[in-house]
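> Fold the following for me, if possible:
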Amino acid sequence: MASGRLAKAGRGELAVPLPAGYARRSSGEVALDPDEQVQAVVRLVFRLFDELGTVHAVLRFLVEHQVQIGMRERSGPGKGEVAWRAPHQQGLVNMLRNPAYAGIYAYGRSRTDPSRRLPGREHSGRVRRLDAGQWLVRIEGALPAYISVEQYERNLARLAANRARAESPGAPREGPALLGGLVACGICGHRLQVSYEASGQGLTGRYCCQRRHHTYGEPRCQQMAARFLDDHVVAQVLPALAPAALELSVTAAAQVEARRAEVDRIWRQRLERADFACDRARRQYQLAEPENRLVARQLEREWEAALAERAHLGEEYERYQRARPARLPAAELAAIRALAGDIPALWSAPTTTVADRKRLLRAVIESVQVTAEGATERVHATVTWAGGHQSRAALSRPVARIDQLSYYPALTERISALARQGLDSTAIAGQLAAEGFRTPRLHDRFHPGEIQHLIRRLGLRPGLDHDHRTDQGSLGPGQWWLATLAREIGMPAATPFGWLRRGWVCGRQDTRPPYRWIITADSAGVERLRALHQLPVGYHNRRRWADDGTPIDTSKDKEPGNHEREDLRSSH
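Residues are numbered from 1 along each chain as shown. Predicted structure coming up:
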């Protein structure tokens with residue numbers, strides 16, 4: 001029997017369940033659903049996915065416009081009748097993955113793996129989503145098609161690319177990093193991941209190459225802020241789109257009108273269906289014998305229900321027409337032409353979402369390869385455009401410390417020379433700005449306080465509080481300047497400052513300019529801080545495990561463990 005079923009499927013004659021938009025005739029032949037509204041909704045789904053690019057965007061459009069999907073009942077008293085159901089995400093995914101819409105008869109798209117069978121569950125162990133080459137039967141052109149085979153394969157490729165995996169760029173999301181999924185590491189070739197952290201200006205994006213770090217425990221190749229790279233790519237993309245402004249305006253207006261006209265046609269088909277239901281209920285009521293009140297009363301209620309449904313649907317359609325007319329008003333057409341003619345204004349418009357900007361960048365850019373020169377500010381970027389053309393540029397990225405700047409030796413030498421000339425901090429900052437020296441955060445001008453701190457750090461003008469090891473300062477025993485303690489342990493000054501904000505170390509701020517922080521730590525406390533600095537990155541955010549293999553809840557302790565924190569406090 002199994003061999004006969006497989007042979008019948010090999011000829012394309014084995015009856016398989018049909019998706020929405022298809023119907024089986026009495027002869028067994030598969031045909032498009034005779035209901036025009038069912039066909040229109042199916043075609044709308046594929047057209048929307050081709051334009052919007054994500055399943056959830058299609059779902060939002062259908063829900064917003066109150067479009068339902070017609071399904072033929074497969075069993076029960078209403079077998080063969082059309083049932084209208086609300087769209088849902090998995091149903092749309094199944095439609096896009098079903099080869100029947102491309103006219104392909106497919107059999108054996110899933111397998112039963114005996115190793116996955118569960119005792120007592122007859123239908124367990126199914127392995128789905130097999131590649132096309134693993135199907136038992138694949139016959140192209142055997143069914144009437146809604147889309148071409150090429151479009152079906154493009155849809156599958158786009159679904160795979162939208163998945164949040166390391167090997168795929170992922171779907172455009174609302175994070176502020178515009179090049180997420182497009183940036184590749186010039187050192188190892190892997191895709192850079194995007195991470196966000198909260199700041200005073202909102203979320204700040206960062207591109208980080210950590211594939212080999214997660215897989216093999218190797219050091220991270222490179223990481224950099226997202227803003228400077230995004231600005232560079234956007235500055236190249238917007239002028240490239242300017243010559244196509246007129247074509248963009250015409251295409252956008254035509255696309256909006258075509259989409260609205262198609263949805264309006266579906267609404268009219270719903271009204272026509274409601275009119276038919278009312279007419280049928282009326283005829284059934286009129287054909288009933290007046291004396292048979294048991295039947296007449298029921299038919300009268302059905303007729304009234306059909307009329308009420310028709311009235312409600314008509315009101316909904318009127319509200320929809322007022323909100324979204326089928327033809328765009330002259331004001332909206334003029335706004336579309338104006339925005340398309342001014343690409344930068346369209347890019348910065350409040351109605352343009354971050355996901356829209358990302359989709360626009362992905363339409364013209366294939367990838368952006370970046371290579372940083374160690375920990376310096378120098379970055380080499382190669383933008384690969386759609387079509388294969390490449391453009392290269394040398395960029396400067398913001399860095400955390402001033403000694404990471406590639407021109408740090410020249411900067412310190414120049415500051416030393418200006419300080420020997422007797423210039424104050426403000427004059428030195430102005431001279432450095434005139435000579436083109438930029439801050440680690442890529443600002444055009446150093447703050448005088450930064451210059452004063454750097455002069456003190458270089459030992460050019462040591463003040464009373466320059467070093468806690470002298471007997472001239474006001475620091476007591478076991479007290480450190482924050483920067484001095486950082487140098488003693490061998491870490492950036494930002495690290496003990498972060499510990500100070502989290503309460504991991506004790507300190508106070510000096511009341512005199514430049515209002516530096518004073519950390520309290522004796523010799524034992526310094527050793528504890530040095531041990532804390534040696535812990536791996538992310539150690540305090542991980543769940544610890546007891547000796548018996550049970551996890552310990554550390555949700556209330558995102559910093560050092562409670563015992564470590566108590567030790568740190570007790571040391572002060």
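> Tell me where the stretch 401-550 of the chain has strands.
479-481, 506-509, 517-520, 544-545 (DSSP state E, counting those that start in this stretch).
> which residue ranges form the strands in the stretch 251-400 of the chain?
Secondary structure of the stretch 251-400 of the chain (DSSP E, counting those that start in this stretch): strands at 365-372, 378-385, 390-396.
> okay, those strands in JSON lines with distance to residue 139 and mean neighbour count next?
Glycine gets a C-beta too; all of them are placed from N, C-alpha and C. JSON lines is the format used below for those (distance: least, CB to CB, whole Å; neighbours: other CB atoms under 10 Å):
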{"stretch": "strand 365-372", "distance to residue 139": "35", "mean neighbour count": "19"}
{"stretch": "strand 378-385", "distance to residue 139": "39", "mean neighbour count": "18"}
{"stretch": "strand 390-396", "distance to residue 139": "43", "mean neighbour count": "12"}
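> Next, format the ones you listed as JSON lines and append distance to residue 438.
What follows is these, written out as JSON lines (distance: least, CB to CB, whole Å):
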{"stretch": "strand 365-372", "distance to residue 438": "17"}
{"stretch": "strand 378-385", "distance to residue 438": "12"}
{"stretch": "strand 390-396", "distance to residue 438": "7"}
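> how about the helix or strand residue 241 falls within: buried residues?
Under the criterion of DSSP states H and E, residue 241 resides in helix 227-241. By neighbour count with 16 or more other CB atoms under 10 Å, helix 227-241 contains the buried residues 227, 228, 229, 230, 232, 233, 234, 237, 241.
> Now residue 172: closest residue in space, sequence neighbours ignored.
Ranked by CB to CB, 6 or more residues apart in numbering and with sequence neighbours excluded, the top spatial neighbour of residue 172 is residue 358, at 3.6 Å.
> Where do the helices of the stretch 351-500 of the chain begin and end?
Ranges of helices in the stretch 351-500 of the chain, per DSSP state H, counting those that start in this stretch, are 354-364, 408-420, 425-434, 448-458, 482-489, 494-502.
> do you know which of the ones you listed lies nearest residue 177?
Comparison of those against residue 177 by CB to CB identifies helix 354-364 as nearest, at 8.9 Å.
> contact partners of the closest one?
53, 169, 172-176, 178-182, 233-234, 237, 240-241, 347, 385-386 (CB atoms under 8 Å, 6 or more residues apart in numbering).
> List only buried entries from those.
Taking 16+ other CB under 10 Å as the criterion, what is buried in these is 53, 169, 172, 175-176, 178-182, 233-234, 237, 241, 347.
> Which members of those residues occur in helices, if any?
Counted as lying in helices by DSSP state H, out of the buried ones among the contacts of helix 354-364, are 233, 234, 237, 241, 347.
> picking that back up, so which of the strands of the stretch 401-550 of the chain gets nearest residue 130?
So among these, strand 544-545 is nearest, using CB to CB, at 37.8 Å.
> thinking again about what came up before, of all the buried ones among the contacts of helix 354-364, which two lie farthest apart?
Largest pairwise distance in those, by CB to CB, is 22.6 Å, between 175 and 241.
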